[in-house]
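Peer 1: here is a sequence together with a model predicted from it:
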Amino acid sequence: MDRRQFAGQLATAVVGASLAPAGPFLHVRRTAPATLDGARLNAHLKALSAFGANPAGGVSRVAYSDFDKAGRAYVMGLMKDAGLDVSVDFAGNILGRRAGSDAVLKPIMFGSHVDSVPDGGNYDGTVGSLSAIEVAQSLQEQGIRTRHPIEVMIWANEEGGLYGSKPVSGQLKAEELKNSSWSGKTIADGMKFLGGDPTRFTDVRRQRGDIAAYIELHIEQGGTLERESLNIGVVEGIVGIRRWDVTVNGMQNHAGTTPMDQRHDAMLAAARFIEMVNRVVRAEPGRQVGTVGKLEIFPGAPNVIPGRVQCTLEMRDVDAAKVLRIFSTISKESKGIGEMNGTTFDFRPSHEDVPAMSDPAIRAIIGDAAKDLKLTTKAMPSGAGHDAQAMAQIGPMGMIFIPSMGGISHSPKEYSTPQDIERGARVLMGAVLLADKRT
Ligand code: GLV
Ligand code: MN
Ligand code: MN
C-alpha cells in the first residue's frame, strides 16, 4: 500500500465504524460518497494516446500490432497499480480481478477495449477502459470492498469484430480464427501474439449466470447528447451487425479495343451495386444502415477493363430479421444489375454480431447513478457495436454513453471533453456500487 492509498483508507475509516478488516481493505460504513480522480484519469488517457499516435492527432493502434501490444503493457501496469490481480486469457483479453467480501457472489464485470480502427481516434474504447481502471483504483484507495468480486476487462480486438468477447460468450466459431486482421495477422496468430492460445479459445467461455452484471462506459459516437445538451446516454439496445465479402465477376479485357456495348465491366456493376445498396436500405423507415466500406479492383490499371471487384457489404439494425430481409432484396437486385452487362455477384457471409438489449435493472441502476450526481440522461440505442452485446449473452448488461463532440468517431477528430469523461467515470463508479448492492 502506498502513502496515498493509506491516507485514503484512513480518511474513510474515520468517517464510519469498522465492521471487519479483510485483506488490505477495511469494511466501513461510509458517510462520504465514493469519488475518483478525474485529472488522473484524463492524464492516463493522454499517456495512452502516445501508443500508435498518428500525424492527424489520433491513433492507429489496430489489434495485434506492436502498438497494441505496447499500449496494453501500459494499461496492465495501471491495472497492477490499481491493486488488481492481472492476467491475459487464451483469447488475449486482459482481466483484472479483485475478490469481493462474499465468496458465493458472481463478479461484476466492467471495461472496454484499447485497440483502434486504422486512423482512429483517442476516445473509442479507451474512455471506458481507463475509467474502469480508475474506478478500481479509487475503490482501493478509499478502502471500499465490494461484496461481489470485480473484474475489469480490457477486451482484445474489439474493432475487428469482438474477437475477445465472443469467445467468452461462446459466439466465436473456430473457422473465424483463420480470418485476417488489420495487423496482417490471422486472428489465431494475433491471439498468440498477445499471449493467448487460440487452440484453447473455447476454455475462456463463460455460461449464462456466470456474471452478476456487465457495465461498459463508452463515447456515444453520434451527436445526440451534444445536440440536446445532455450529460449521459443510457443505452437501450445495441445493433446487430452482418458483413459479407462481395465478389463481382466480369471479364478483364483491353480498354482501348473493346467497344462500350461489349464489355463485362466488374467495376461498372460494382458502382451500380453501391448506389442500389444505398437506395434499398433507405427505402423503408427505421434506423437501419448499409455500407460498402472497402473496394478492391482487379487488376486495377487505367488501360484494363476491370475483370473482378472485391468489396464488403455491412448492414446494421437492432432487428436482425430486418437486416436479413433487406439483404434478400439487395441480393435479388444484384442479379438484375449483373444481367445489365454480363457480370455476376457472389456473397460470402463473413461476420455476425447479434443485436442485444440492455437489462432493465442495469438501465435503472445507471439512471439512478446519474441522478445521484445530478446529471441529465436520455435512453438511446447504440448504432456502434460493443463487447457489451456479447456479454449480454451471459448476464445482465448495461452501457453508459458520454457526448462525442460533433458526433464524430472512427476518426482522429473524435473528441470528448475531460469533464464529460470524468462524469462518465463517476456514473460508472456509482453504477458498479449500486449493482453491488442490488444484484
Ligand atoms: C465498432 O466500433 C463498430 O461499431 O464497428
Ligand atoms: Mn468502441
Ligand atoms: Mn469503434
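Peer 2: It's in. Residues are numbered from 1 along each chain as shown. Ligands and ions are numbered 1, 2, ... in the order given.

Peer 1: residues in contact with the residue sitting nearest the centre point of the chain?
Peer 2: For the chain, the residue nearest the mean C-alpha position is residue 386 (3.5 Å; CA atoms, centre = their mean). Contacts for residue 386 were tallied using CB atoms under 8 Å, 6 or more residues apart in numbering; they are 112, 158, 216, 218, 238, 399. C-beta coordinates here come from the backbone N, C-alpha and C atoms, glycine included.

Peer 1: measure it to residue 165 for me?
Peer 2: Counting by CB to CB, to the nearest Å, the separation of residue 386 from residue 165 is 9 Å.

Peer 1: which residues are in contact with both of those two?
Peer 2: residue 158.

Peer 1: in stretch 229-247, which residues are buried?
Peer 2: Residues 230-244, 246-247 are the ones in stretch 229-247 that count as buried (16 or more other CB atoms under 10 Å).

Peer 1: touching ligand 2 at all, that stretch?
Peer 2: No: counting by CB under 5 Å from the ion, no contacts exist between stretch 229-247 and ligand 2, the nearest distance being 11.0 Å.

Peer 1: what's the end-to-end length of that stretch?
Peer 2: 44 Å (CA to CA, to the nearest Å).

Peer 1: pull the contacting residues for the residue in the stretch 201-350 of the chain that ligand 2 sits nearest to.
Peer 2: Going by CB to the ion, ligand 2 is nearest to residue 218 of the stretch 201-350 of the chain, at 5.8 Å. Contact analysis of residue 218 by CB under 8 Å, 6+ apart lists 112, 124-125, 127-128, 382, 384, 386, 399-402.

Peer 1: swap in 7 Å and give it another go.
Peer 2: By CB atoms under 7 Å, 6 or more residues apart in numbering, the contact list for residue 218 reads 112, 127-128, 386, 399, 401.

Peer 1: on that earlier part again, of the buried residues of stretch 229-247, which belong to strands?
Peer 2: 232-238, 240-244, 246-247 (DSSP state E).

Peer 1: between those, which is nearest residue 427?
Peer 2: Distance to residue 427 across these (CB to CB) is lowest for residue 232, with 5.7 Å.

Peer 1: is it true that that closest one touches residue 375?
Peer 2: Yes: between residue 232 and residue 375 there is a contact under CB atoms under 7 Å: 5.2 Å.

Peer 1: overlap in contacts of these two?
Peer 2: Shared contacts of residue 232 and residue 375, counting by CB under 7 Å, 6+ apart, come down to residue 427.

Peer 1: output the contacting helices and strands for the host helix or strand of residue 41.
Peer 2: Applying DSSP states H and E as the criterion places residue 41 in helix 38-48. If you count contacts as 3 or more CB pairs under 7 Å, 6 or more residues apart in numbering; DSSP states H and E, helix 38-48 packs onto helix 66-81, helix 126-141, helix 418-438.

Peer 1: so how far is the helix or strand that the second one is followed by from its chain's centroid?
Peer 2: Meaning helix 126-141. The first helix or strand that comes after helix 126-141 along the chain, using DSSP H and E, is strand 150-155. From the chain centre to the centre of strand 150-155 is a distance of 13 Å (CA atoms, centre = their mean, to the nearest Å).

Peer 1: what is the orientation angle of strand 150-155 with helix 418-438?
Peer 2: 130 degrees (axes from the mean of the first three to the mean of the last three CA atoms, to 10 degrees).

Peer 1: quick one: strand 150-155 to helix 126-141, angle?
Peer 2: Between strand 150-155 and helix 126-141, the angle comes out at 160 degrees (the same axes, to 10 degrees).

Peer 1: sheet-wise, list the partners of strand 150-155 with their directions.
Peer 2: According to DSSP bridges, strand 150-155 forms sheet pairs with strand 94-98 (antiparallel), strand 108-113 (parallel).

Peer 1: surely residue 416 meets residue 123?
Peer 2: Yes: using CB under 7 Å, residue 416 is in contact with residue 123, at 5.1 Å.

Peer 1: overlap of the contact sets of these two?
Peer 2: Joint contacts of residue 416 and residue 123 (CB under 7 Å, 6+ apart) are residue 219.

Peer 1: who in the stretch 151-300 of the chain is up against ligand 1?
Peer 2: Within reach of ligand 1 by CB under 6 Å from any ligand atom, the stretch 151-300 of the chain has these residues: residue 159.

Peer 1: can you give me the strands in the stretch 151-300 of the chain?
Peer 2: Here the stretch 151-300 of the chain has its strands, by DSSP state E, counting those that start in this stretch, at 213-219, 232-238, 240-249, 253-254, 289-291, 295-298.

Peer 1: so which elements touch the longest one?
Peer 2: So the one you mean is strand 240-249. helix 266-282, strand 308-317, helix 320-341, strand 344-353.

Peer 1: quick one: the residue nearest to the centre of the chain from ligand 2, how far?
Peer 2: With distances taken as CB to the ion, to the nearest Å, residue 386 is found 6 Å from ligand 2.

Peer 1: for residue 176, same thing?
Peer 2: On the measure of CB to the ion, residue 176 and ligand 2 end up 19 Å apart.

Peer 1: what about that residue, how many residues close to it?
Peer 2: Other residues within reach of residue 176, judged by other CB atoms under 10 Å, total 19.

Peer 1: now it: closest residue in space that isn't a chain neighbour?
Peer 2: residue 187 (6.2 Å; CB to CB, 6 or more residues apart in numbering).

Peer 1: ok, now which ones touch the one you found?
Peer 2: Counting by CB under 7 Å, 6+ apart, residue 187 has contacts 163, 176-177, 179, 181.

Peer 1: sorry, back to before: would you mind finding the most buried of the helices and strands packed on helix 38-48?
Peer 2: Sort the helices and strands packed on helix 38-48 by mean neighbour count, taking mean count of other CB atoms under 10 Å, and helix 126-141 sits at the top with a mean of 27.
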